[in-house]
Structures are given as structure tokens and as C-alpha cells.
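Novice: Okay, here's the prediction I keep looking at, along with the sequence it came from:
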Amino acid sequence: MKQRSAIPAALSMFVWVILSSCTPFFPLLTGQRDNTPPWIETFQQTGPGEFTIWFNEPVQLPQGGQEWLVSTQRPPTAASTEDRRLILLWDTDPASGLGQPFSIQGRVHDLSDNALYFDLPGFGFNTQPAVLQLNEIRSVHSKTRPEAIELMCLQGGSLGGQTLWIGTPNRFTSRLVFPDLEMSQGDYAVVFLRTEEHILEPCRLERFQDTYWGFLQASDGMSGTIDGLRLSLVNPDIPVFLLPGGLSDTSQAITLTVSPMYTSPESVVDAMMYTKRAAEPAESYGGFGSAASLETAEELVAMNVWSIAGDTNLTPSHFISNTGSTSTRTLNRGFAPQEWFIAPTGGATLGGENTTDRYNSNR
């Protein structure tokens with residue numbers, strides 16, 4: 001069974017409670033009556049048309065049939081309770097496409113007939129996701145070169161529903177839910193940030209949720225130019241995505257999950273954190289400079305997506321240094337686990353194979 005955790009802040013969940021007045025009051029001779037409704041511990045989408053909700057106590061379906069249980073775009077074909085679980089099944093995925101959102105609204109009762117109404121988000125489920133890795137990052141932008149995150153496909157499949165978080169699922173500034181797009185091993189996709197003023201007609205890109213995406217055209221030039229932005233792609237024949245917001249050039253985590261529903265570390269595909277800080281733990285917040293940066297670093301370690309050697313105090317030196325990085329000197333993924341390095345000036349290779357040359361600040 002997959003690990004269950006508390007509901008993360010990343011999910012836009014709305015739960016409201018109504019205490020049932022149907023059950024009569026029992027005198028204190030028989031003990032204190034339970035007036036507290038059940039509450040949700042976590043929920044998980046386990047497949048297309050499969051949704052399970054865990055509660056803190058045994059629950060039951062309301063009397064009157066399933067029509068009183070759930071109101072969604074398309075009601076489930078089956079619903080049942082097993083102790084603390086509510087299991088909802090559809091004959092086909094209720095979403096309109098991979099990564100597309102849908103709403104699950106309903107009501108359950110505990111054994112004392114206290115009612116809980118809930119409204120939970122679901123997303124189109126990807127049964128064959130492409131296996132991706134964060135591969136190259138332009139963490140510093142210039143007037144004409146926007147920040148960028150390159151993804152490389154390690155195993156073919158669909159991008160649909162996979163989600164890139166600028167931050168972590170519990171602490172992020174923006175996120176990108178990818179559309180249904182097939183990728184093959186060795187393919188690349190590039191996400192460009194700080195592009196709000198450039199999402200204009202020259203882009204000729206499609207809208208999907210909070211982003212624009214598409215393929216550059218031959219008239220954009222080999223390096224790729226969109227409305228004055230120099231994308232500097234090695235290979236322009238790849239999908240590009242424009243995402244509002246930007247990266248911090250001082251300290252930034254980036255996380256990739258298999259879907260927008262983060263419920264456990266098992267759903268994390270890849271993650272990293274870079275920082276310009278190299279302070280000692282005795283300094284403020286362990287050298288990270290802020291409580292938010294320290295908590296983000298601690299979260300990556302707690303999720304088992306970033307490893308540190310030994311039982312030591314967490315410091316910025318446990319993560320990737322981007323000191324010396326510029327708009328033409330990008331962070332590149334190495335071959336060893338958690339290995340990143342800065343490419344030399346002009347060594348950015350967005351959309352293509354990473355350079356093996358490294359920036360030498362002593363030259």
C-alpha cells in the first residue's frame with residue numbers, strides 16, 4: 001500500500017462540516033455523545049476512475065442512495081465504504097483529458113450520524129507517464145534571455161498531467177500541469193519563465209490551464225525567438241512552454257511530480273535545489289538566510305528526494321551552488337546522482353545534449 005500522509009497545502013481542497021441533528025441526545029449516564037464529524041486524513045487517485053478517501057474514523061454512506069453521496073461532472077458508477085475508507089469508482093476516467101481537473105463533492109456520516117460534506121479535486125490519470133528528469137536550468141535571466149528549465153525524457157510515454165512546481169508541492173510560487181503530449185527516450189522539452197509580457201500573437205502557442213505551449217516555427221530561426229525573447233535553443237523542433245512567474249537566483253527548489261495530486265514522496269519524479277549561499281550552520285536559519293528556504297530544504301530531504309551524507313546539520317553546501325551562473329552559463333545535470341555543474345560562458349545547450357565542459361571561475 002502506498003504511504004499515506006496528511007493533506008498537503010498544494011491541493012486546493014475545500015471541506016466543510018455540518019453536524020447532523022437527526023440522532024437524539026443520549027444522557028451522560030451512557031457517556032458523552034459523539035458530536036464531532038469525521039475528517040479527512042488523506043485521499044488518493046489510484047487509477048483512471050479510481051479514487052479513495054481515508055477518514056479518521058469509520059464512515060458510512062448516507063441513507064437515500066448514491067445520488068445523495070456525490071455530485072461531480074459525472075457521478076461514479078460505484079461507491080462503497082470499508083472501515084475508514086470511501087472508495088469511488090467510475091467506468092471511465094471522469095476527467096475530460098490527461099491532467100484536466102474535475103471535482104468530487106459528497107457527504108459521509110460517522111457511526112454517530114455526524115455528517116461531513118467535502119469538495120475534493122481530481123485530475124485525469126496518466127497510466128503511461130514519460131519518465132523525465134530535470135536536466136538543465138537557466139537560473140539567471142537577462143533582458144532577452146528568460147529563465148528556463150529543460151526536461152529530458154529517459155523513457156517514453158505521455159507528459160499529460162505531470163506537474164512542474166517552482167518550489168515544492170507544499171511551498172510553491174507557480175506550477176505547470178503538462179498537456180497530453182507523447183515523448184520518446186532522448187526527447188527534450190523546455191519551460192521558459194518570466195514571459196508574461198511576451199505571450200502575444202507571435203507566439204502562436206496553445207493555452208492549457210495556466211500555461212501556453214507549442215512548437216516553434218521555421219520563421220522563428222534556429223535559435224528560436226518569440227516576440228524579442230532569445231530562447232537560444234540548440235534544437236528548435238521541441239515543445240516549449242511559457243510559465244508566468246520566475247526563479248529566484250539566490251535560492252530555489254524545483255520539483256517534478258507525476259500528477260498535480262501530491263500525496264506522498266512516491267509521486268515525486270525528480271527534484272533539486274540550488275543556492276548561492278554557502279554559510280555555516282551557526283548563521284541565521286542554518287545559513288539558508290530565511291525560514292522559508294530552510295523549511296524547503298528540510299522538506300526535500302524529508303521526502304527522500306534529496307540525500308545528505310550522515311546525520312549532520314543541514315546547510316546550503318548539501319545542495320547545488322549556482323554561484324557564477326549567468327544567462328549563458330546554465331546549471332547542467334551530470335552523470336552521478338545529484339551531480340550538477342555550471343557550464344562555461346556560451347555553453348548553454350537548451351533543447352539538446354548537455355555539455356561536459358565546466359565553468360572555471362579561476363580563469
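Specialist: Nice, I can see it. Numbers count the residues shown, from 1 in each chain.
Novice: CA only for contacts and neighbour counts going forward, please
Specialist: OK.
Novice: Kindly provide the distance from Val131 to Met303.
Specialist: Val131 is 19 Å from Met303, where distance means CA to CA, to the nearest Å.
Novice: who's more crowded, the two?
Specialist: Val131 (21 against 13; other CA atoms under 10 Å).
Novice: dump the residue contacts of the more buried one.
Specialist: Residues in contact with Val131 (CA atoms under 8 Å, 6 or more residues apart in numbering) are 153-157, 269.
Novice: swap in Lys276?
Specialist: Contacts for Lys276 (CA under 8 Å, 6+ apart) come out as 249-251, 321-323.
Novice: For the residues you listed, give me JSON lines that also has secondary structure, pLDDT and distance to Thr173.
Specialist: Shown next, in JSON lines, are the contacts of Lys276 (DSSP: H, G, I helix; E, B strand; the rest coil; pLDDT from 0 to 100; distance: CA to CA, whole Å):
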{"residue": "Asp249", "secondary structure": "coil", "pLDDT": "84", "distance to Thr173": "14"}
{"residue": "Thr250", "secondary structure": "coil", "pLDDT": "87", "distance to Thr173": "15"}
{"residue": "Ser251", "secondary structure": "strand", "pLDDT": "91", "distance to Thr173": "13"}
{"residue": "Ser321", "secondary structure": "strand", "pLDDT": "92", "distance to Thr173": "21"}
{"residue": "Asn322", "secondary structure": "coil", "pLDDT": "91", "distance to Thr173": "20"}
{"residue": "Thr323", "secondary structure": "coil", "pLDDT": "91", "distance to Thr173": "22"}
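Novice: Out of those, who's the most crowded?
Specialist: Asn322 leads those on contacts (other CA under 10 Å) with 25 neighbours.
Novice: Can you verify my assumption that it contacts Tyr274?
Specialist: Yes: under the criterion of CA atoms under 8 Å, Asn322 makes contact with Tyr274 at 6.1 Å.
Novice: Give the ranges of residues in the stretch 201-350 of the chain that sit below the confidence cut-off.
Specialist: Under the criterion pLDDT under 70, the flagged ranges of the stretch 201-350 of the chain are 201-231, 279-282, 311.
Novice: now the strands for it?
Specialist: With strands called from DSSP state E, counting those that start in this stretch, the stretch 201-350 of the chain shows them at 206-208, 211-215, 225-226, 229-230, 239-243, 251-257, 268-275, 320-321, 331-333, 340-342.
Novice: Of the ones you listed, which stretch is the most buried?
Specialist: strand 331-333 (a mean of 26; mean count of other CA atoms under 10 Å).
Novice: So in that sheet, which strands flank that one, and in what orientation?
Specialist: Using DSSP bridges, strand 331-333 pairs in its sheet with strand 131-138 (antiparallel), strand 340-342 (antiparallel).
Novice: Need the residues that contact the shortest one.
Specialist: Strand 340-342 is contacted by residues 320, 322, 324-325, 329-334, 358-359 when judged by CA under 8 Å, 6+ apart.
Novice: mind redoing it with 10 Å?
Specialist: If you take CA atoms under 10 Å, 6 or more residues apart in numbering as the criterion, strand 340-342 is touched by 135-138, 272, 274, 319-326, 328-334, 348, 355-360.
Novice: roughly how far is it from the heart of the chain?
Specialist: Distance of strand 340-342 from its chain centroid, counting by CA atoms, centre = their mean, to the nearest Å, is 23 Å.
Novice: okay, now the domains of this protein?
Specialist: 14-123, 131-342 (automatic domain parsing).
Novice: For the first one, what is the distance to the chain centroid?
Specialist: The reference is to domain 14-123. 25 Å.
Novice: Make CSV out of the strands of the stretch 201-350 of the chain and add distance to Ala148.
Specialist: Output for those, formatted as CSV (distance: least, CA to CA, whole Å):
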stretch, distance to Ala148
strand 206-208, 19
strand 211-215, 14
strand 225-226, 14
strand 229-230, 11
strand 239-243, 9
strand 251-257, 12
strand 268-275, 14
strand 320-321, 17
strand 331-333, 10
strand 340-342, 14
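Novice: of those strands, which approaches Leu181 most closely?
Specialist: With CA to CA as the criterion, Leu181 lies closest to strand 239-243 of these, at 9.1 Å.
Novice: how near is Thr345 to Ile149?
Specialist: Distance from Thr345 to Ile149, by CA to CA: 18 Å.
Novice: Please apply the same query to Phe55.
Specialist: Distance, Phe55 to Ile149, using CA to CA: 38 Å.
Novice: the more surrounded of these two?
Specialist: Shown here are Phe55 and Ile149; by other CA under 10 Å, Ile149 has more neighbours (23 against 18).
Novice: What residues are bridge-paired with the more buried one?
Specialist: With DSSP bridges as the criterion, Ile149 is bridged to Ile137, Val191.
Novice: Hmm, Ile254 and it touching each other?
Specialist: Yes: Ile149 is within contact range of Ile254, at 9.1 Å (criterion: CA atoms under 10 Å).
Novice: which residues are common contacts for these two?
Specialist: Common neighbours of Ile149 and Ile254 (CA under 10 Å, 6+ apart) are 134, 137, 164, 247.
Novice: Could you give the separation between the terminal residues of stretch 306-317?
Specialist: 13 Å.
Novice: chain center to that stretch, what's the gap?
Specialist: Centre to centre, stretch against its chain (CA atoms, centre = their mean), the figure for stretch 306-317 is 24 Å.
Novice: Repeat that for stretch 296-307.
Specialist: Offset of stretch 296-307 from its chain centre (CA atoms, centre = their mean): 14 Å.
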